[in-house]
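J.: got a sequence here, can you model it:
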Amino acid sequence: LETQSGSLSVVHADAVSVPADLLVTPSGAVRALVANLPYSVAATVVLRFFEEIPTLERAVVMVQAEVADRMAADPGSKSYGAYTVKLALRATAGARFTVPRSCFLPPPRVDSAVIRLDRAERRLPEELLTSAARAADAAFTQRRKTLRNSLAAGLGVAVSEASAMLEEAGIDGSLRAENLEVEQYIELGRVLQSRSS
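T.: Down below sits the predicted model:
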């Protein structure tokens, strides 16, 4: 359901599944997302909007504090995971502040945070971003194992093949997935892309 009044468009739809093209306004493409998102779907919505709306330049969202931790996590931290990498391929986490539960009535059982995300300056082909995201998902399949073993399990290939891919990407297979920088996942994505073409 979509209604328009002057320059205001109201789209009544599920943020998780609304088609991105439905969000184009009379004044043009979507440039910003400002929202207090339902905590159960916040991470999904933010990543999907950055993936599917190439004109989106910035998001300022209130999410559960733990989700904000995942969005802004640094390599090596316990909050750093496949989601962090996939979001970082497309956006950079910026300013953030905590919203304590005492600000709400009734108070929720979790703390919240407002976080700003800006479109990443790197402009990479969509196919490479997709391949790097696939590499991240595979690498974090078995987080406690070495990268060569978790990548092999995640991609469904032999450990020797995973080792060869990592060597080609210039990555030490004895590391764990959380030790890799986003740029290393991009390199691994390049290798995956070249091997599948």
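J.: where does pLDDT dip in this protein?
T.: Within the chain, the ranges that satisfy pLDDT under 70 run 1-8, 25-27, 197.
J.: in it, which spans are strands?
T.: For the chain, the strands defined by DSSP state E occupy 2-5, 8-11, 32-36, 58-64, 91-99, 112-119.
J.: and the residue lying closest to Val61 once chain neighbours are set aside, what is it in contact with?
T.: Closest residue in space to Val61, ignoring its immediate chain neighbours: Ala35 at 5.1 Å, by C-beta to C-beta, 6 or more residues apart in numbering. For glycine as for every other residue, the C-beta is placed from the backbone atoms N, C-alpha and C. Ala35 makes contact with 15, 45, 59, 61-62, according to C-beta atoms under 8 Å, 6 or more residues apart in numbering.
J.: rewinding a little: out of the strands of the chain, flag the one nearest Ala152.
T.: strand 91-99 (29.4 Å; C-beta to C-beta).
J.: how near is the most centrally placed residue in the chain to Arg195?
T.: With distances taken as C-alpha atoms, centre = their mean, Leu87 lies nearest the centre of the chain, 2.2 Å away. Leu87 sits 25 Å away from Arg195, taking C-beta to C-beta, to the nearest Å as the criterion.
J.: and what of Glu183?
T.: Glu183 is 19 Å from Arg195, by C-beta to C-beta.
J.: ditto for Val41
T.: On the measure of C-beta to C-beta, Val41 and Arg195 end up 34 Å apart.
J.: again, but for Val85
T.: Separation of Val85 from Arg195 (C-beta to C-beta) stands at 20 Å.
J.: neighbour count for those two, which is higher?
T.: Taking other C-beta atoms under 10 Å, Val85 and Arg195 do not tie; Val85 has more neighbours (26 against 14).
J.: OK, contacts around the spatially closest residue to the more buried one that is not a sequence neighbour?
T.: With sequence-adjacent residues excluded and distances taken as C-beta to C-beta, 6+ apart, Val85 is closest to Ala136, at 3.9 Å. Listed by C-beta under 8 Å, 6+ apart, the contact set of Ala136 reads 82, 85-86, 177, 185.
J.: what sits against Ala43?
T.: Counting by C-beta under 8 Å, 6+ apart, the residues that Ala43 touches are 63, 67, 70-71, 83.
J.: start and end of stretch 13-30, how far apart?
T.: One end of stretch 13-30 to the other measures 16 Å (C-alpha to C-alpha, to the nearest Å).
J.: same deal with stretch 101-115?
T.: Per C-alpha to C-alpha, the first residue of stretch 101-115 is 16 Å away from its last.
J.: which residues touch it?
T.: 39, 60-69, 71-72, 93-100.
J.: got it, and stretch 15-25?
T.: So stretch 15-25 is contacted by 2, 7, 9, 11, 13, 30, 35, 37-38, 41, 44-45, 48-49, 52-53 (C-beta under 8 Å, 6+ apart).
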